[in-house]
Each structure stands twice: as C-alpha cells, then as structure tokens.
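1. structure for this input, please:
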Amino acid sequence: MKEKIKEISSQFEIAIKKFEEENISSRIKSFEMDCNKLNFDFDNIDICEDPYFKEMFDELKLVTDYPTVYWFEFDTNKHSSEYLFNIFKNYKENITKRNPPAIYKYFRNTNILYIGKSKSCLWGRLLLHLGFHRDKHSQGLILNEWAHNIDLKLKFSYCVFNREMVDLIALYELKLAQNNKPLIGKHQ
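-> So this is what the prediction gives:
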C-alpha cells in the first residue's frame, strides 16, 4: 500500500507541475451574462443557439473533455450580497420541484455568487445553473427562476485544467470556496 500511495502522489505531483509550467491566465476565460435574458422560452428552444448565448456555449463546448473550476461573480455596487442572499433564500424555501444548492444561515459579504467544478462537459453544468438542463433534479443555481427579473448581471469565469488533474479538481474547488466564501453553496 505504501508504494501505491507514493505512486499516486507522484502522478499528482507530475500533473500539478505540468499545470504550473503553463500560463495559468491563458486557461482562465470569462463571459458577461445578463440574467434578464433568461426567459422561459428556452424550455422550448435551444439556448445554445440563441444569439445572446451562442458564442459562450460554442466556446465552452471546446473544453468538453477537460476538468474545470468555475465561478459566478456579481457587482456589489448594483446588488448587495445580503439582497441576493435573501432573494435566493426565499426562492429556495418556496421551491418544491428543483434542487438548488445549500446555503448558510446568514449571508456572507462577498462578490462571488457560486463556485463549482466540472470533471467534463462544463457547458452542461452551465445549462443546469441557468435553469435549462433536461434533468430537473440535479443541483444547480436555476437562475432563470429567481434572477431573471432583478437586473442581475453576472461574470461567469472558468479555469481549464489538464485531463490528468481530473481527480484533483474537487480539491481546487474546495480551496477556492474556502478562500473566497461564495454566497451560495456549502463547501466542507
């Protein structure tokens, strides 16, 4: 067992070293998103083909086979974290058919709405967070049900990792969440 542990540690070390040698800023991409554009017509038409969202989804489909960590940011000058927390909390308390993320009892003073990970298919995770994934029982922000009419603008950012780092992605998500304390989602 000792040898297996050393072997696994060595594999992780090689993957991390390879990742660090590359330009990390070139692996981070961002998109601005207006939640007012999230209307319920996307239940009947493909949001990935909508002119407003198409470029973003086309770009995300290029990294389908790669693990990613992603986050949503909001402008605290337009919406306080307490305001967004209360809106989401009210939504969460009254929803019956969907599965929104957990929240803490009290709001956190932050500009990070949510931090997540995807081992593959980031665009599918984003569909879920926007509220238009076919699987209505998976966990996601479901923005179309609570953020579409409050003039919320989000910055969606993600970092693409090497395939060899797929088993480490949960650790990156956890550490980013512990350091940035997102408003929504519990990371323990």
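
2. so where is this protein shaky, pLDDT-wise?
-> For the chain, residues meeting the criterion pLDDT under 70 lie at 40-43, 96, 134-137.

3. strands of that one, start to end?
-> Taking DSSP state E to define them, one finds strands in the chain at 28-34, 68-74, 112-118, 153-160.

4. any chance of the ones you listed in a markdown table, plus distance to S10?
-> The way it works is simple: take the backbone N, C-alpha and C, and place the C-beta from them, glycine included. Output for the strands of the chain, formatted as a markdown table (distance: least, Cβ to Cβ, whole Å):
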| stretch | distance to S10 |
| --- | --- |
| strand 28-34 | 27 |
| strand 68-74 | 23 |
| strand 112-118 | 23 |
| strand 153-160 | 23 |
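
5. of all those, which lies closest to N90?
-> Taking Cβ to Cβ as the criterion, N90 comes closest to strand 112-118 out of the strands of the chain, the separation being 15.7 Å.

6. relative to that closest one, what are the paired strands and their orientations?
-> Listed by DSSP bridges, the sheet partners of strand 112-118 and their directions read strand 68-74 (antiparallel).
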